[in-house]
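A.B. asks: next one to model:
(one chain, ligands or ions: 2)
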Amino acid sequence: MSNTLRQSELFTKTRKEAPSDEVSKNAQLLIRAGYIHKEMAGVYSWLPLGLRTLNNIIRIIREEMDAAGGQEVKLTGLQDPTLWKETDRWSDENVDVWFKTQLQSGGELGLGFTHEEPITRLMKDHVSSYKDLPRLLYQFQTKFRNEVRAKSGVMRTREFTMKDLYSFARTTEEHDALYARMSEAYTTIFNRVGLGKYTYKTFASGGVFAKYSHEFQTLTAAGEDTIYIHTDSNLAINEEVFTDEVCADLGVQKADFKPHTASEVGNIFSLGIRFSSALNLQFKDEEGKGTPVIMGSYGIGPARLLGVMVETLADEKGLVWPEEIAPFQYHLIVLDNGNEEVRADADRLFHEMKGKDMSVLYDDRHARAGEKFADADLIGIPKRIIVSEKTLASGEYEVVTRATGTSLFVHEQELLGN
Ligand code: ATP
Ligand code: MG
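C.D. replies: Numbering: from 1, shown residues only. Ligands and ions are numbered 1, 2, ... in the order given. Below is the predicted model:
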């Protein structure tokens, strides 16, 4: 992926209005800024600026999954009904989000909404002894979900990329250690993407094998969930488990919590032997005895994360991105007013920045200052560098920080890190 782009060559255009049927703030801004294209309700395409941003989130998640010992794979989206019947998750009564389709040669096929079943079956070919465990497998893969509601823009779509990791352990102690490792990796990810201070690890319902699961919930008015946060600690509990009993269990008073609206950006879940016993994934222990593998699953939705970021960080002028996430670091803007010297200076600076492998979107368009600034505000790149007659005369470039609006005058040497 190239690190520089001339805006005159970027095929997307900004627009003043979002489609009239688009109700969510994140999608309205992302469409207006040319990050995404709306195909239909709950279905969006990613355009260059949007894809670069999404890929930055994916890169951070991948780095942390690798650091935690994950091995990346990519399974298919097409799902075999016989497999899902073995775990009782094929029927529309048990799973209400399936997209199903027909094979021309006869028989049904599903479009995967999650991957516990196929990954468990895959591991049967590779796990036989205790020496083959523990393992962590993850992927960035398309999930299809026939969601009823599609009013939250990219936070809830009918097709989305999920990072799903699955852990395979020999004992509950080993599983608990992997679970704790994933929990830490998640905290690191939410800090790195700039949502740490708004994100709570909450207690959520645990299913059959564990008392609780945990969700990572980011505070935002656009969220669809309610979480309860303790008034003087970070302890947070999901609505569905917020009972006197659970509070007593955690040694706290129900009265000391307040409700907040939030969005689930990730979750970590102990699966126990639910899938390994149904699909017969076993390992032989040191005595040669067959034992079901203990599993966990760990999901994050990069696009939901991106949507939440827009909801929490954008202002009335447009998008605002943390540096690690932004599609480009610098938005170089030439205000030449027909002055060839100014344009030549901006071209030269762009060339220098390119040589330093800096990440730059160069607004080289022949447009009015007002239009360029409005677009730059909408697109939300962290630092704007202005080249004009004024900066040419002074020998310093104006650098404006998008998030705060603060402006500095900086020498070229400093800008280029020389
Ligand atoms: P929700 O309760 O919000 O529907 P979920 O419990 O169905 O979420 P999981 O199946 O655990 O979510 O998926 C893991 C992660 O994938 C979620 O934490 C979220 O970040 C993301 N995600 C889930 N559904 C969607 C969707 N329809 N669009 C975009 N991201 C999603
Ligand atoms: Mg769901």
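
A.B. asks: give me the below-cutoff pLDDT ranges for this structure.
C.D. replies: Regions of the chain meeting the criterion pLDDT under 70 cover residues 1.

A.B. asks: residues from it in reach of ligand 1?
C.D. replies: 114, 145, 147, 156-157, 160, 162, 264-267, 299-301, 303-304 (C-beta under 6 Å from any ligand atom). Just so you know, the C-beta spots here come from the backbone N, C-alpha and C atoms, and that holds for glycine as well.

A.B. asks: try 5 Å this time
C.D. replies: By C-beta under 5 Å from any ligand atom, the part of the chain that sits against ligand 1 consists of 145, 147, 156-157, 160, 162, 264-267, 299, 301, 304.

A.B. asks: quick check: the residue of the stretch 101-250 of the chain nearest ligand 1.
C.D. replies: Phe160 (3.9 Å; C-beta to the nearest ligand atom).

A.B. asks: and that residue, bridged to which residues?
C.D. replies: Counting by DSSP bridges, Phe160 is bridged to Lys143.

A.B. asks: that one: how many residues sit nearby?
C.D. replies: A count of nearby residues for Phe160, using other C-beta atoms under 10 Å, gives 21.

A.B. asks: that one contacts Leu306, doesn't it?
C.D. replies: No: when contacts are counted by C-beta atoms under 8 Å, Phe160 is not listed as touching Leu306 (10.5 Å).

A.B. asks: any common contacting residues for the two?
C.D. replies: Taking C-beta atoms under 8 Å, 6 or more residues apart in numbering as the criterion, Phe160 and Leu306 both touch Val154.

A.B. asks: follow-up on the earlier one: list just the nearest of the residues of the chain next to ligand 1 to Gly417.
C.D. replies: Distances from the residues of the chain next to ligand 1 to Gly417 were compared by C-beta to C-beta; the smallest belongs to Val265, at 33.8 Å.

A.B. asks: residue contacts, that closest one?
C.D. replies: Contacts of Val265 (C-beta under 8 Å, 6+ apart): Phe190, Leu195, Thr199, Phe216, Gln217, Thr218, Ile300, Gly301, Arg304, Leu305, Val308.

A.B. asks: quick one, which of those residues are buried?
C.D. replies: Buried positions within these, assessed by neighbour count (16 or more other C-beta atoms under 10 Å), are Phe190, Leu195, Thr199, Phe216, Gln217, Thr218, Ile300, Gly301, Arg304, Leu305, Val308.

A.B. asks: redo the residues you listed as a markdown table? Include secondary structure.
C.D. replies: Formatted as a markdown table, the entries for the buried ones among the contacts of Val265 read as follows, by DSSP: H, G, I helix; E, B strand; the rest coil:
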| residue | secondary structure |
| --- | --- |
| Phe190 | helix |
| Leu195 | coil |
| Thr199 | strand |
| Phe216 | strand |
| Gln217 | strand |
| Thr218 | strand |
| Ile300 | strand |
| Gly301 | coil |
| Arg304 | helix |
| Leu305 | helix |
| Val308 | helix |
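
A.B. asks: which one of these is nearest to Trp84?
C.D. replies: Distance ranking of the buried ones among the contacts of Val265 against Trp84, using C-beta to C-beta, places Gly301 first at 21.7 Å.

A.B. asks: report the central residue of the protein.
C.D. replies: When the chain is reduced to its mean C-alpha position, the nearest residue by C-alpha atoms, centre = their mean turns out to be Pro302, at 1.7 Å.

A.B. asks: not counting its neighbours along the chain, what's nearest that one?
C.D. replies: Leaving aside its sequence neighbours, Pro302 sits nearest to Ile57 (C-beta to C-beta, 6 or more residues apart in numbering; 4.5 Å).

A.B. asks: I'd like the distance between Val342 and ligand 1.
C.D. replies: As defined by C-beta to the nearest ligand atom, to the nearest Å, Val342 lies at a distance of 45 Å from ligand 1.

A.B. asks: can you give me the helices in the stretch 51-200 of the chain?
C.D. replies: Defined through DSSP state H, counting those that start in this stretch, the helices belonging to the stretch 51-200 of the chain, from first to last, are 81-86, 116-124, 172-192.

A.B. asks: rebuild the ones you listed as JSON lines, extending it with distance to Ser394.
C.D. replies: Rendered in JSON lines, the data for the helices of the stretch 51-200 of the chain read as follows (distance: least, C-beta to C-beta, whole Å):
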{"stretch": "helix 81-86", "distance to Ser394": "67"}
{"stretch": "helix 116-124", "distance to Ser394": "60"}
{"stretch": "helix 172-192", "distance to Ser394": "37"}
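
A.B. asks: please identify the most buried of those.
C.D. replies: helix 116-124 (a mean of 20; mean count of other C-beta atoms under 10 Å).

A.B. asks: other residues contacting it?
C.D. replies: Contact partners of helix 116-124, identified using C-beta under 8 Å, 6+ apart, comprise 73, 75-76, 79-80, 83-84, 86-87, 89, 112, 135, 137, 166, 168, 271, 275-276, 279-281, 293, 295, 297.

A.B. asks: got a list of what Ala314 touches?
C.D. replies: Residues counted as contacts of Ala314 (C-beta under 8 Å, 6+ apart) are Lys25, Asn26, Leu29, Val320, Gly380.

A.B. asks: show only the entries of those residues found in strands.
C.D. replies: Within those, no residue falls in strands by DSSP state E.
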